[in-house]
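Generate a structure from the sequence data that follows.
(3 chains)
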Amino acid sequence: MSASGMERWSIAEITRRIAAGEVTAAQITEDALARIEKIDGELDAFLAVDAAGARSAAAGVDLLRTAGVALGPLAGVPIALKDMIVTKGVATTAGSKILEGWIPPYDATVVDRLKAAGAVILGKVNCDEFGMGSSTERSAYKPTKNPWDATRVPGGSSGGSSAAVAAALCTASLGTDTGGSIRQPAAFCGVVGIKPTYGRVSRWGIVAFASSLDQVGPLARSVADAAAVLQVIAGHDAHDSTSLVKDVPDFAAAITGDVKGLRVGLPKEYFAGELDAEVRASLDATIAALKDGGAELVEVSLPHTELALPAYYIVAPAEASSNLARYDGIRYGTRAEASDLLELYMKTRGAGFGPEVKRRIMLGTYALRSGYYDAYYKKAQQIRALIKRDFDEAFAKTDVLLTPTTPTPAFEFGAKSNPLEMYLGDIFTLACNLAGLPGMSVPCGFTAGGLPIGAQLLGKPLDEAVLFRTGAVIESAAALGDRRPALGGAA
Amino acid sequence: MTELAELLELWEPVIGLEVHVQLATRSKAFSPAGVVFGAPPNSLVDPTVLGLPGSLPVFNQAALALALKLGVATGSQIRAKSRFARKHYFYPDQPKNYQISQYDEPLCENGHLDVIIGGAVKRIKLTRIHLEEDAGKLTHVGAMSHVDLNRSGVPLVEVVSAPELTSSEEAAEFMRSLHRLVRWLEISEADMEKGQLRCDANVSVRLRGEDRLGTRTELKNINSFRFVQNAIDHEIARQLRLIDGGGRVERETRLWDADAGQSAPMRSKEEANDYRYFPDPDLPVLVVDGPTMGGILRAQPELPAARFQRYQEDIGLSADDARTMIGERALAEYFDATCKAHGMLKSGRTIANWILTELLGALNKAGKGIAESPMPPERLAALVRLVEDGTISGKIGKEVFEEAFAKGEEPGAIVERRGVQQISDEATLAAVVEEVVAASPKQTAEYQGGKDSLFGYFVGQVMKKTQGRANPVITTDLLKKRLGR
Amino acid sequence: MPALTRKEVEEIALLARLHLGEDELARMETELGAILEHFSSIAAVSTEGVAPMTHAVPIECPLRSDDVVTWTDAEQGLAGAPKREGDLIVVPAVIGGGE
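Predicted coordinates:
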């Protein structure tokens, strides 16, 4: 097992080798399953491993190859899914006790598309309950550890997705991002993570947290792999009324290795204040590399940046309080014993939701109450428009924005017990969701202590391509490809 | 206790209605699950109907088109951009624990419904018409309730009237007019027994001459025309007696129990309702464009209230006949087509009589609707003309009608075949009269002796000899002349 | 913006149908209070004439043609209900309430 190092093969390599008959999808799948078996005990990334489903998908790929049928773009590629993504026949909990035991009767659109592309879905990975959290500590089941340092969080809410990719338990994973939940864990685990433009990827079958902010996106060990996965899952879906009817460009073609003439904006608000010194140094090196590559660096201002946090923490909980109303123990999930209906609702939800989810439901319910709506929800949506306007102005003179993904590298378990403190860690990632923009976190360095650092790229709506183009240059300049977390007793 | 009638001289009831109309779509409002009445429980579901995690709504184009038809027919202002909102309350018939509805940006506003009251049309303002989804059905079985979500997600419009109705009769007529209109436009089957048209009423009373509205109660669950009237009458009486006894009307929601013939306050909830409306983030703004509106405007038929007025004013029908004639769009259209085929404007009342008595009677006997009439309007028009121009008598006309109805034949052909053309030739008839008189010396003597009642005998004899074809007017004339009285 | 009272916390919990224990109620009172306090900055922001941004990307509501698709997995869809009787989902009795 793993002697071949196949667990770190890129998507291009896997698909090429399978097509050439050098390896079978079954072999790759068995290798991945064995690795999960061996290593996941250290990480707790997986909530459910669907070995049977994975083997059957791999066998399907191998059968097609033998029959000479053209293979899909992700044929034989082992992929893990955040547990916010609904999978037919495979338990989906969203990291919550309230959905414990629920076996979905349908697949999310992204799952359909991955399957159609030949991907091998290994199982479901951990997350903060309903995506609410930045550490996976809010998972009702278990915290996932950061592969680079088991005393630290992998980030969240897609912490299982980032840890599994970083530890090479899968080639790529899908996460969901409502306020940074793909990019922040990607930064903490040293992988690439993309939140596409709102509407680029279908939300059908994605457990809703905040509907106007949620997007699904890939996490992968390289920009090219992330592009390959997004290529498959992006595109219009008639099941989602907010899905954009827009052609998906060839993302691989965007990776030119060159940023000559590219106008890279540096929003000054993101570099002020309490930025970790090592993060800052790493960003400075990234900026220098882009400059060396011929990019034009432009300082821009996003004056409403500091309002993103309150706006987000009103809009997201408000929508969440509504989206989570359906969890009542009547049609699915767990139900508390109760003698009347009110008691059934109160007890089921009181026992089924964890403290962070309850806090957000409370916050959201507060903000939507009649008489408070204008002061909170409406006001927050107006601020959102101001934030969007800031970006429009910045993009009038730049092609892409570069910021740190997080103010600090991965923190230790329990370090942020105060909810507000946890929220403040999201300040760099929230505005992207509020404005509906595409955003990427790409590894750009390591701290002296060996923790990954991520650079965030933000693009104009629908311009994921510029993220891939810029990200690939940052990736190759940082040249971190050989660094591996010490896992499974191996160095 | 003061008599109710006396109280009503002092106090004026004010009623506003909120009517839910099920839109006649094949599939649900926000997902492709089917809409079928009486299907096995929970068979018309899909992830969206069940409110499964990750499911999303996609709006039904037909539901929009039907709602727009109603908006246009009620002269409403249609919003080019309206919005869906979520209305939150926990209830087991509502899978998401919120209802997709419309709140501050509804599809239609400031329309009106022309309500037929007696012989006149009263225009009642409609505050709004908005789109929403229906809830499922709960059946109470002992200590448990059973949830069937087949109805959940069925598209509805809620039609909200201004508080402009002043009696239970007006409220019932409002319901009838709305029922007629939505059926007319094929917006809804509006079968009240199937819950396709449901009504809540806001009832208050105020001193006559007062502008301000009194405290209102909301009556729920009044789902037949009769219940509307009974429930509102009952509520008006309850409020007046309360006030008369020195009490005050409380703002509350009351549930009408048709079996008991009374209402009771709904079990008070543990909290005041706070629906926490906000724009549904899953559904972008609903846009109605010019071409869509143009298409609906062009396709709009003449509406029942307009026809009701035209039938009275232009054709001279009585209010009762006009109301019957607009009972169903197909009937009104049959009437109009018959008039058109006939071509003579003044015959409208005659045509109406033929339709309302002969045709409806025959259809009723045959168990058929007007749309299935074996007698097309052109044939009825031809028959009416045959009677009018004296080709056949009215009595023969009815026989010809029956045959035409039964066999689907042209009236003219029947008349030809049966040779039942009316005899209007005076000389021919005079000869027959002469024969009859000659053969009845006794009757002639008695009649001439003053026994007036015998006149019918002579007419009968003439008819007998002519197989009923004698023109009765001319026959009567000739007989009177011949018999000398 | 107003500070959060214990009574308000209880009202909101009821509205949200969340049973909260004594300790949870107390914690919510302080935590939510602190969060709302922190967010009070938004009140001072001038947003006059700014249209609320309800969707991240401005699009129109798409319309689905009125075609029926029968879901073949309805049985599986209902299978997750904790309490059923035949095809019906069972809940403790409710009288009144709702809409």
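
partners of the longest strand along chain B in the sheet?
Across chain B, the longest stretch assigned as strand under DSSP state E is strand B:120-133. Applying DSSP bridges, strand B:120-133 is found paired with strand B:108-117 (antiparallel), strand B:155-161 (antiparallel).

Please identify the deepest-packed of those.
Of the strands paired with strand B:120-133, the one with the most neighbours on average (mean count of other C-beta atoms under 10 Å in any protein chain shown) is strand B:155-161, at a mean of 25. Placement of C-beta: from N, CA and C, glycine included.

okay, it in CSV with CA atoms only?
What follows is strand B:155-161 as a C-alpha-only set of coordinates in CSV (Å, rounded to 0.1, in the frame of the first residue of the first chain):
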residue,chain,number,x,y,z
PRO,B,155,-50.2,26.3,-5.8
LEU,B,156,-52.8,28.7,-4.4
VAL,B,157,-53.7,32.3,-4.7
GLU,B,158,-54.9,34.2,-1.8
VAL,B,159,-57.5,36.8,-2.8
VAL,B,160,-57.9,39.4,-0.1
SER,B,161,-60.9,41.7,-0.3
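
quick one, helices of the stretch 201-350 of chain A?
For the stretch 201-350 of chain A, the helices defined by DSSP state H, counting those that start in this stretch occupy A:223-233, A:251-254, A:277-292, A:308-323, A:341-352.

could these be laid out in CSV, adding distance to residue A:261?
What follows is those, written out as CSV (distance: least, C-beta to C-beta, whole Å):
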stretch, distance to residue A:261
helix A:223-233, 20
helix A:251-254, 15
helix A:277-292, 12
helix A:308-323, 30
helix A:341-352, 54
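
Same list, those helices, but as CSV with mean neighbour count, distance to residue B:371 and mean pLDDT please.
Shown next, in CSV, are those (neighbours: other C-beta atoms under 10 Å in any protein chain shown; distance: least, C-beta to C-beta, whole Å; pLDDT from 0 to 100):
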stretch, mean neighbour count, distance to residue B:371, mean pLDDT
helix A:223-233, 25, 52, 98
helix A:251-254, 16, 59, 98
helix A:277-292, 17, 75, 97
helix A:308-323, 27, 46, 97
helix A:341-352, 21, 47, 96
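
Nearest to residue A:389, out of these?
With C-beta to C-beta as the measure, helix A:308-323 is the member of the helices of the stretch 201-350 of chain A nearest residue A:389 (12.8 Å).

which helices and strands sit right next to that closest one?
Where contact means 3 or more C-beta pairs under 8 Å, 6 or more residues apart in numbering or on different chains; DSSP states H and E, helix A:308-323 is packed against helix A:355-368, helix A:379-396, helix A:419-424, helix A:430-435, strand B:278-279, helix C:22-39.

mind checking how far the residue most central in space within chain C is from residue B:56?
The centre of chain C sits closest to residue C:16, judged by C-alpha atoms, centre = their mean, with a distance of 6.7 Å. Using C-beta to C-beta, to the nearest Å, residue C:16 is found at 22 Å from residue B:56.

same thing with residue B:380?
On the measure of C-beta to C-beta, residue B:380 and residue B:56 end up 54 Å apart.

Would you tell me whether stretch B:258-268 gets close to chain A?
No - residues of stretch B:258-268 contacting chain A under C-beta under 8 Å from any C-beta of the partner chain: none, with a closest distance of 11.0 Å.

That stretch: which residues count as buried?
Buried positions in stretch B:258-268, judged by neighbour count with 16 or more other C-beta atoms under 10 Å in any protein chain shown: B:263, B:266.

could you dump it to CSV, C-alpha only?
What follows is stretch B:258-268, C-alpha atoms only, in CSV (Å, rounded to 0.1, in the frame of the first residue of the first chain):
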residue,chain,number,x,y,z
ALA,B,258,-70.5,23.7,10.6
ASP,B,259,-72.0,20.7,12.3
ALA,B,260,-72.6,22.5,15.5
GLY,B,261,-73.5,25.7,13.7
GLN,B,262,-71.3,27.8,15.9
SER,B,263,-67.8,29.1,16.2
ALA,B,264,-65.3,28.8,19.0
PRO,B,265,-62.0,30.6,19.6
MET,B,266,-59.0,28.7,18.4
ARG,B,267,-57.0,27.3,21.3
SER,B,268,-54.9,30.2,22.3
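
For it, the averaged confidence score.
Regarding stretch B:258-268, the rounded mean pLDDT is 81.

now swap in stretch A:63-72 and tell me
The model assigns stretch A:63-72 a mean pLDDT of 96.

Off-centre distance for that stretch?
31 Å (C-alpha atoms, centre = their mean, to the nearest Å).

Other residues contacting it?
A:15, A:18-19, A:21, A:24-25, A:61, A:75, A:116-119, A:232 (C-beta atoms under 8 Å, 6 or more residues apart in numbering or on different chains).

again with stretch B:250-258
In contact with stretch B:250-258 (C-beta under 8 Å, 6+ apart) are residues B:215-222, B:224, B:227, B:230-231, B:234-235, B:262-266, C:96.

What residues does the stretch 51-200 of chain B have near chain C?
Within reach of chain C by C-beta under 8 Å from any C-beta, the stretch 51-200 of chain B has these residues: B:52, B:58-64, B:83-84, B:89-94, B:99, B:135, B:138-149.
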